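Peer 1: give me the fold of what follows.
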Amino acid sequence: MNPYVLTILISSLGIGTTLTFASSHWLLAWMGLEINTLAIIPLMAKQHHPRAVEAATKYFLTQATAAAMILFASTTNAWMSGQWDILQISNQFSAATIILALALKIGLAPAHFWLPEVLQGLDLTTGLILSTWQKLAPFALIYQIAPNTNPTLLVTLGISSALVGGWGGLNQTQLRKILAYSSIAHLGWMITILHFMPNLTMLNLMIYIIMTSAMFLTAKTMSATKINTLATAWTKTPTLTALTMLSLLSLGGLPPLTGFMPKWLILQELAKQDLPLAATVMAMSALLSLFFYLRLCYAMTLTMSPSTNNTTSPWRFKSTQTTLPTAMMVTASLALLPITPAILAMTA
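Peer 2: Okay, the predicted model is just below:
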């Protein structure tokens, strides 16, 4: 892709998200979301592969549907109440419709069906942008209207997403689909706690972005898109493979790794809010997710790749990729648990 075009598209991604962050008017927020969507579609389709074009088309249709729902609901709210302010959404129907539209935008169950298919058709760099940066603008809007929304709707969306994210990833062999279902499960944890303790949602979003970035960057370094590729990575990059295994366990929420922090704090807060059943279901759904992370760990570190295979062996050239972002994200995804009190104090 032409570097000038790429610069314009990346700048548009930043401008769209910033516009949504800064807006207090529904039309401006909608415009930011639209700029965001239109900027990433050429990045998705740049491979000129049928799967990439299919992914870009599916993404465009779902995002356009969600944007139309947001415009309809915000217009209805303005018609009923006479104002466009995001924080002053008083019509319950409009609030619920916007929450469902934003759930469709970020891929929350039951509006999650597009996410694994779209992510599977993208290269790892665009997949990283879709899984991290593209979640920020819709989350800013969800964060602002959550106090005016029925908490039962949010908890229902969250629990269903956690369960779907756990069940959906069990039988997958493609790394990008596994990361898509992992994303759905993590978003479920964030939405469940949003009404009761919004700063925990922001903490969880930050840690999710760190851990997902670590996984996408390590997969890009290894050029891995399937479990089979991970199984042969040990002989090529042993240190990175061992750290990737720990990053996967962190995604699963095992102590003493960073991923344990948000799960621990969210379960504690759900218990305080007299929601023991929700906390139990969320904890059980974490076991489902942990199973497919352990499958990946097993394939990477506890199996020997066959010495004779029918595939072409990759040439082991020295990698020219920048390793500093990967190193920073992997370190953060493994070592932040001891400073939990400091992080909580910052988000409070």
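Peer 1: which strands or helices does the host helix or strand of Met261 pack on?
Peer 2: Assigned by DSSP states H and E, Met261 belongs to helix 260-272. Here helix 260-272 touches helix 175-194, helix 198-222, helix 276-301, helix 340-347, going by 3 or more C-beta pairs under 8 Å, 6 or more residues apart in numbering; DSSP states H and E. C-beta: built from backbone N, CA, C; applies to glycine.
Peer 1: could you list every helix and strand in contact with the second one?
Peer 2: In this structure, helix 198-222 makes packing contacts with helix 124-131, helix 133-145, helix 175-194, helix 238-252, helix 260-272, helix 324-335, helix 340-347, judged by 3+ C-beta pairs under 8 Å, 6+ apart.
Peer 1: for it, what is the average pLDDT?
Peer 2: Mean pLDDT, computed over helix 198-222, is 93.
Peer 1: where does the stretch 201-348 of the chain dip in pLDDT?
Peer 2: 304-317 (pLDDT under 70).
Peer 1: cutoff 90 now
Peer 2: 221-241, 255-256, 292, 299-325, 344-348 (pLDDT under 90).
Peer 1: returning to what we had before: need the helices and strands packed on helix 260-272 in CSV with mean neighbour count and distance to Leu243, can you?
Peer 2: Output for these, formatted as CSV (neighbours: other C-beta atoms under 10 Å; distance: least, C-beta to C-beta, whole Å):
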stretch, mean neighbour count, distance to Leu243
helix 175-194, 26, 16
helix 198-222, 22, 7
helix 276-301, 18, 11
helix 340-347, 12, 21
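Peer 1: could you dump those helices to CSV with distance to Leu334?
Peer 2: Output for the helices and strands packed on helix 260-272, formatted as CSV (distance: least, C-beta to C-beta, whole Å):
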stretch, distance to Leu334
helix 175-194, 17
helix 198-222, 8
helix 276-301, 14
helix 340-347, 14
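Peer 1: mind checking which of those helices is nearest Ile10?
Peer 2: Comparing the helices and strands packed on helix 260-272 against Ile10 with C-beta to C-beta, the closest turns out to be helix 198-222 (16.1 Å).
Peer 1: hang on, the earlier thing: redo the helices and strands packed on helix 198-222 as JSON lines? Include distance to Ala68.
Peer 2: Formatted as JSON lines, those follow (distance: least, C-beta to C-beta, whole Å):
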{"stretch": "helix 124-131", "distance to Ala68": "20"}
{"stretch": "helix 133-145", "distance to Ala68": "15"}
{"stretch": "helix 175-194", "distance to Ala68": "22"}
{"stretch": "helix 238-252", "distance to Ala68": "34"}
{"stretch": "helix 260-272", "distance to Ala68": "32"}
{"stretch": "helix 324-335", "distance to Ala68": "35"}
{"stretch": "helix 340-347", "distance to Ala68": "34"}
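Peer 1: quick check: which of those is nearest to Gln83?
Peer 2: helix 133-145 (13.8 Å).
Peer 1: tilt between that closest one and helix 175-194?
Peer 2: 10 degrees (axes from the mean of the first three to the mean of the last three C-alpha atoms, to 10 degrees).
Peer 1: give me the angle between helix 133-145 and helix 198-222.
Peer 2: Using the same axes, to 10 degrees: helix 133-145 against helix 198-222 is 180 degrees.
Peer 1: restricting to C-alpha, output helix 133-145 in CSV.
Peer 2: Listed next in CSV are the C-alpha coordinates belonging to helix 133-145 (Å, rounded to 0.1, in the frame of the first residue of the first chain):
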residue,chain,number,x,y,z
TRP,A,133,-8.0,0.2,18.9
GLN,A,134,-11.5,-0.3,17.3
LYS,A,135,-12.9,-1.2,20.7
LEU,A,136,-12.0,2.2,22.3
ALA,A,137,-14.6,4.5,20.7
PRO,A,138,-17.7,2.3,21.3
PHE,A,139,-16.5,1.6,24.8
ALA,A,140,-16.2,5.4,25.5
LEU,A,141,-19.9,5.7,24.6
ILE,A,142,-21.0,2.6,26.6
TYR,A,143,-19.1,4.0,29.6
GLN,A,144,-21.0,7.3,29.4
ILE,A,145,-24.5,5.9,29.0
